[in-house]
Every structure is written in structure tokens, then in C-alpha cells.
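# sharing a sequence plus its predicted fold:
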Protein chains: 4
Amino acid sequence: MTDTYDPARTAVLLVDPFNDFLSEGGKAWPRLERMAKEIGLLDNLRSVVASARETGVRMVFVPHRRWQEGDYKTWTHPNPTQRQIQELHTFARGSWGGEFHPDLQPQAGDVVAQEHWAQSGFANTDLDLQLKQHGITHVAVVGLLANTCIESTGHYAMELGYHVTLVRDATAAFLPEMMHAAHELNGPTYAHAVVTTGELVTAFEQAGP
Amino acid sequence: MTDTYDPARTAVLLVDPFNDFLSEGGKAWPRLERMAKEIGLLDNLRSVVASARETGVRMVFVPHRRWQEGDYKTWTHPNPTQRQIQELHTFARGSWGGEFHPDLQPQAGDVVAQEHWAQSGFANTDLDLQLKQHGITHVAVVGLLANTCIESTGHYAMELGYHVTLVRDATAAFLPEMMHAAHELNGPTYAHAVVTTGELVTAFEQAGP
Amino acid sequence: MTDTYDPARTAVLLVDPFNDFLSEGGKAWPRLERMAKEIGLLDNLRSVVASARETGVRMVFVPHRRWQEGDYKTWTHPNPTQRQIQELHTFARGSWGGEFHPDLQPQAGDVVAQEHWAQSGFANTDLDLQLKQHGITHVAVVGLLANTCIESTGHYAMELGYHVTLVRDATAAFLPEMMHAAHELNGPTYAHAVVTTGELVTAFEQAGP
Amino acid sequence: MTDTYDPARTAVLLVDPFNDFLSEGGKAWPRLERMAKEIGLLDNLRSVVASARETGVRMVFVPHRRWQEGDYKTWTHPNPTQRQIQELHTFARGSWGGEFHPDLQPQAGDVVAQEHWAQSGFANTDLDLQLKQHGITHVAVVGLLANTCIESTGHYAMELGYHVTLVRDATAAFLPEMMHAAHELNGPTYAHAVVTTGELVTAFEQAGP
């Protein structure tokens, strides 16, 4: 791996680490459980976060809109995923499912971006501003889902001029072919690096303080 | 006035109608009081909102970031206004000053955009998305301050492709020369119409349902 | 199909219809030829354009940056596709490969957006402004490639608040699994409709003047 | 002046340095001539550019859309300035007035951003991307006009997270009160520094290589 991660200029974008995605009892957990366990998703997310904190890489939380009463009702055309959220109340504000996983909590000095309405953590939020105001030029995008929010957030990051790293086993999707699409078909066209958690942690340590 | 305001495609953007700006005892009220009273600002804002509700024009609230502990502390270069807010805690979250004026409260069906960090209600927020999802093509921008948030929000609206109307007496500024700059020097270069509250209300009634 | 396409509010976004993609002798044609012929890509693109012109749907051309000497040389981190373009000079400015296919040429009244540097026709261009200034709320995204520029442009359109239609056989990709990813895995999560050319043409005719 | 300008992270944004603005015989020159001469505008622009080149600060050209046949004709609501351009053909493509002033020409390694349609050099262009891909975090905005394109470009830069410097005598406007508005009323609310050409050149030299 030739890419280097100056901790003063690098951030981990942790996208949608909600209980509804990551915890037993979460609304989307049944669809993710098998893959998440197979790749050790939660352990890998813990490793990425721990490594970022140790090496001084900025942690940035990138949460989806927590559903609340009234959402989408007056919109002319919510997208299919939003229509589903409207029914299922995924990531509901004030609910356990809409809280971050207990092991993936913000700490002082972390950035928590404004909530995004659809798939890209940059679209219609302050994420780009927050990254600039913290001097960030390189992002590693982890969390859920590999072929929707992670791909879109990573893709927007590239369009906005950031150096983008995807992490194969620090994300998951509902189906193996979605992971394949994210990391073998689409990722290599726009991301500057596609690595494993182990490789990312090693790279953080080599660059770190 | 030749501009027409189809209620299905028009929104009033009500920017920063906080007690800190508009109410006796508000942190910025002393600097605004004289001009606000002179032009009848609060009455005019009430008229614009009432007219919008009667004619079916969409009301959109465009709030500034409510200051909260930690804001700006890790930023590399907050702007001068943000540094001032950091000291004065203007529009503090959870405080009376950070609440909307009691006569300017959102109702069901209104849009409340995400909070903006600086001057433009569009920058780093979901305002453009919300307008599109409500079919809006024309905006009238009212509230505070004429030469900062109103001008910036109006200007961004124009850059984004909206038809923009400024309302001379439904905004205010700290100094008369700032009003002059907003409505006589800069506004006419980018806004499609610069009107009075009376003219806007008449136009809404003529177009309305 | 329940989606309707008011011609006054609908545009076809024709992405990257360059000779390098679509014509015998084009630089990327060898990688696309098999799939393009199999699905009748060029005929379908001709049909979509003809139908748009007949029914009054706005044609919008969305071209990739034509490579020119100096491009990317001073950039800190071009993405993998851009590094490839830097070597191959794909869509070179002034070259035949960088011209639109002879059957897919702009006419008076069409919009030609500014060139995009990466995958989304909206990123870093005037496309959103142009659509707003032409009253567009609904877009059908066709052209090349299904899993890169089409997916990204469609995805951005959704994030920006547009109603988005993908057209299965008016696009192509280098591999069948890329088409599958674009239309079966990712498209249904964000696009409001995924249709065939025939279905789109019928819908245009039903809505048209 | 406490602001420092690391040449690796600083750019001069030179906005609209067209003959139509800056040269005898230019279409807008008669309205600018008096102020431009009074403050030594052209000499100051030459100094800023020369200083940037000597110290390794990146030069970025930020041109307005060159008017061409057809512009704005199909737009639903061009703004007042655009309607004026439509009549006067200011900065016409292919004309002398639409060329950069002979002393303010791009050189190899400079960036020339895509043309902007209205006032902000960032809106609907690749300027933000180009700055990120060149590692820029600090911008000094010079050129024309102080209260329109310079103010808007500077303001957008701030909203996007850049450190923004205005230069009092490296810009001009049609009226003295417009300069006053730009530098005394509005600039201090959003810009991180408002300096003179002399101060900027000194600061560049102190930081430079």
C-alpha cells in the first residue's frame, strides 16, 4: 500500500453505526447478521475506531436522518428507500434503534455531521464544511451499507476532491453480490484505495504520531 | 410588479426569526430595535406569514445553528461572526434566545430546514433538497439580517436557479447603510424582485387559490 | 408504470455519448461493443432522443471532461479512472473520439451542461442550475456507463431532489454483472423508476403534448 | 496581520480579469475607470500576481461565462445582471472584451476554473474541486467587482470552509459606496482578513519559500 495517512489530514467517516443496523434486535440486523458475523464487522469497526483514536486520525460520525413523525409526508417523490423508512420507522429519533451502537460512541473532539436524508453523507449536510474546518484531505469510509451509503459517501468524497479509502471488511451489505459490486466493480473506478481493516490499521500506525 | 407567485411553486424563506433577534431581551435586539421599530419589522413578518398561510404559499423556516458547548473549538478558522457567537452564545440551543419568536412558529406542513453554520441558509444544509421535494421554484426571503443571512440566502437561491424576491421592510440590519447596501446596491444585481411587504401580500393574493 | 412525465418538467440526461464509447474505432468501443450490440444500445438511444424531441421533453447533454494536455498533472490525487484517462487520452478535446456520436447531436433549444471531471454529471458543473432554469423536476438518465457515470448522475439527481428514471437498455457497461449491479442491486434503492426504452417512450407519448 | 499564508495551501483567486472590465475600450471600463485609476487597480493586480508567482502561491483564474449566442434564451428567469449581459454581450466569447487582460494571463501550472454563470466563482463550477486537488485551504480573492463577484466568491469560499482574505485595493466597483459596503459593512462579517495589496504581498513574502 503506497497511500499514506497523515493523521492531521485524515478522517474516518463512520456512516450510520446505528443499533438498527449493528445490534441484535435492530430492525435491519436480521438482513445483515449473517454477513456481519462472517466478516467480523463489529470487531473491525471497533479496530478502525481504536486505531484512529490512538494515532490521532479524526473520527467523524455520519448519521442518517432519524425518522420522525411527519418525515416525507409532504415530499413529492421520496425514493424507494425513504418510502420503506416511512413504513418501518428505521432509525427512529428517540428510539434505541436510532442510537449509535454502544461501542461506537462519539467522544470529545469527534465531529458529528448533520443527518443525511438519503445515501450520501455529504449531500445536504455540513460534512464537507466540517472536514475542511478540520483540515481533512483524506477519508476512510466505513459503516453501513457497502453498496448504498458507503458507496455514495465515498463517491461524493471523490467528486468533492478528497482522497478516498474503502475498507472491505469494515462494512457490510444485505447480499454478497452487493459487496462484490461495491468493492470489485464500482469501488476501483473511483476510490483511491480499497483495503482491509488490518491494512488500514497498519497504515494508520505507520503514519501516526 | 410583473412577477407572479404560483402558490404551488412559491415559498417564503423565514431566516433566523429568533428571540435573540426579534424580542425584547434578546441578545441582538438592542442593535436592531431602532430600525425594527421604525419599519414595523415584526408586523411585516406577521403579515408575510399570514398571507403565505392564507394563499397556500409554503412556509420554510431557515434557522441558524443554535450555539452549543464545543462549537467551533476544533475548527481551524471560524469566521469573525462565528468567533463572536462563540463568546456571546447567541441563539444558544435550549435557551429562550434560540427559540423562534412566539408569533413566528412552524405549523404542520411547514418545512424547517437544517441549521446553517454561517450566513446562507442553503450552505451545508438540506434547504435546496427540501425546496425541490416541495416543488418550489420561487422564494421570498425575509427575516434577519438584511446584509448577511438574507443577502447570502437570497444570493445562493439565485445561484441555485431559484427566482428570488427580497422584501425591503420584512428584514432589518444594524445600520441604515447596511439596508441601503442590501436593497439598493447589491440586491438589484441578483434578485429578480425587490418589493415591500404590502406589494408581496398583494401579489400573493392575486396569485393565490 | 405509474410515473408520469410532464414534458414541461422532464429532461433526458444524455451522458457521455462520445464516439470513444459508441462508435466503431472509439477507444472504449471494444470493451462495450458486445453488450451494446446485444441490447441494441444505439437504436435505443436514438429512440429515446427522438421521443423526447417529439413530445417536448428537454434534451440535456452531459459530457465528460474532454482530456487535454495538462489535465490532472498538478492534482494531488486523480482517481483511478482519471489516471487511466491521463494515459489513454480518452475523449480528447478536438479529437473524433471526444465528439458526440453523429446521431446524437445537440439541436437548438437543447442544453449542453459543462463538462464533468469524474462520474456525476452534477458534480462541479452547472447541470443542477440548468435544470432549474428550465423548470425540470424529472430526469431520465441514459448513456454511458451504467455503473459509473449513469449511476452517479442518477444518484446525485436523487440527492438533489429530482425524480429519477433509469433505462435498462439505453445504457451499457463493460460486464453483465455491472449492469446487474446498476439495475438490480443499486438502482432500486435510489431511483424512482427503472424502465425499458419501450416503456419510457410509451410514457413520454402518454404524457406528451 | 496575524494570518499566515503557507504557499502550498494558498491560492489567489483572480476573478473576471477581462478586457471588458480592465482595459480602455472595454464595455464596462467607463463605469470602472475612475475608481480603478484612483486606487491603482491594475498595478495592484499585477503586484498580487507577481508576488504569488514569486512565492509559490497558486494562481487560479475564475472567469465569468463568456456570453455566446443562445445564452439565457430558454431560461425561465435570468437575473437582472444576466439580462443586461444578454443585451450588451459583455465578455462575449471570441471577442477581445472576453479575453483576459494581457498582463493577467494564465501560465503553466495555473488553474483556470470553469466559467461561472452569475456572481460566485464557486457556484456551478469546478472551483472547489480544483482547490482541493491542489491542496488549497486559504484564498485571497481579487478582481472584479468588489460588491458582486468578489463578495460572492469570497462568501462562498467561507461557507465552503476556506480561509478568506479580501484585498481592498485589488478590486473595484462602480461606486465608492459599493466598495464601502464590500469592505466595511459586509466583508468583516465573513472574511478572515481584509488587507491592502501591500499587506498581502508582505505576508506572502514572509510565508513564502
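Arrived safely.
# which SSE is immediately downstream of the longest helix anywhere in chain A?
Criterion DSSP state H: the longest helix present in chain A is helix A:41-55. Downstream of helix A:41-55, the first helix or strand assigned by DSSP states H and E is strand A:58-62.
# contact partners of that next one?
Contacting residues not belonging to strand A:58-62 are listed as A:7, A:10-17, A:49, A:52-53, A:100, A:106-107, A:109-113, A:116, A:121, A:127, A:130-131, A:134, A:136, A:139, A:143, A:153 [Cβ atoms under 8 Å, 6 or more residues apart in numbering or on different chains]. C-beta: built from backbone N, CA, C; applies to glycine.
# hmm, which of the residues you listed are the buried ones?
A:7, A:10-17, A:49, A:52, A:100, A:110-113, A:116, A:121, A:127, A:130-131, A:134, A:136, A:139, A:143, A:153 (16 or more other Cβ atoms under 10 Å in any protein chain shown).
# and A:Asp110, what is it in contact with?
A:Asp110 neighbours (Cβ under 8 Å, 6+ apart): A:58-61.
# let's see 10 Å
Contact analysis of A:Asp110 by Cβ atoms under 10 Å, 6 or more residues apart in numbering or on different chains lists A:11-12, A:14, A:49, A:52-53, A:58-61, B:70, B:74.
# out of those residues, the closest to chain C would be?
A:Ala11 (15.1 Å; Cβ to the nearest Cβ).
# looks to me like A:Leu13 is in a strand.
Yes - assignment of A:Leu13 by DSSP: H, G, I helix; E, B strand; the rest coil places it within a strand.
# show me the contacts for it.
A:Leu13 neighbours (Cβ under 10 Å, 6+ apart): A:58-62, A:111, A:113, A:121-122, A:127, A:131, A:136, A:139-143, A:149-150, A:153-154, A:157, A:162, A:164-165.
# got it, and A:Ala118?
A:64-65, A:78-79, A:81-82, A:124, A:148-149, A:152, B:126, B:129, C:155, C:158-161, C:189-190.
# for it, phi and psi?
Main-chain torsions, A:Ala118, degrees, to the nearest 10: phi -130, psi -110.
# A:Phe174: what secondary structure?
Applying three-state DSSP: A:Phe174 is coil.
# residues from chain A in reach of chain B?
Proximity of chain A to chain B is confined to A:58, A:65, A:70, A:72-78, A:82, A:108-118, A:122-130, A:132-135 under the rule Cβ under 10 Å from any Cβ of the partner chain.
# out of those, which end up buried?
Buried among the residues of chain A next to chain B by 16+ other Cβ under 10 Å: A:58, A:65, A:72, A:75, A:77-78, A:82, A:110-118, A:122-130, A:132-135.
# show me these that map onto helices.
Here DSSP H is the test, and those give A:82, A:127-130, A:132-133 as lying in helices.
# list just the nearest of those residues to C:Gly208.
Nearest to C:Gly208 among these is A:Gln82, at 28.8 Å by Cβ to Cβ.
# my guess is that closest one contacts A:Thr76. True?
No - in this structure A:Gln82 lies outside contact range of A:Thr76 using Cβ atoms under 10 Å: 11.9 Å.
# okay, and the common contacts of the two?
By Cβ under 10 Å, 6+ apart, the residues touching both A:Gln82 and A:Thr76 are B:Gln133.
# give the contact list for A:Glu24.
Counting by Cβ under 10 Å, 6+ apart, A:Glu24 touches A:30, A:33.
# now A:Val57, what are its backbone angles?
Dihedral angles (degrees, to the nearest 10) for A:Val57: phi -70, psi 140.
# same thing with A:Arg168?
Main-chain torsions, A:Arg168, degrees, to the nearest 10: phi -50, psi -40.
# how close does it get to chain C?
Distance, A:Arg168 to chain C, by Cβ to the nearest Cβ, to the nearest Å: 16 Å.
# that residue and A:Val194 touch, don't they?
Yes - using Cβ under 10 Å, A:Arg168 and A:Val194 qualify as a contacting pair, with a distance of 6.4 Å.
# so for the two, which residues contact both of them?
Common contact partners of A:Arg168 and A:Val194 (Cβ under 10 Å, 6+ apart): A:182-184, A:187.
# got those as a markdown table, with pLDDT and secondary structure columns?
Listed next are those as a markdown table, based on pLDDT from 0 to 100; DSSP: H, G, I helix; E, B strand; the rest coil:
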| residue | pLDDT | secondary structure |
| --- | --- | --- |
| A:Ala182 | 98 | helix |
| A:His183 | 98 | helix |
| A:Glu184 | 98 | helix |
| A:Gly187 | 98 | helix |
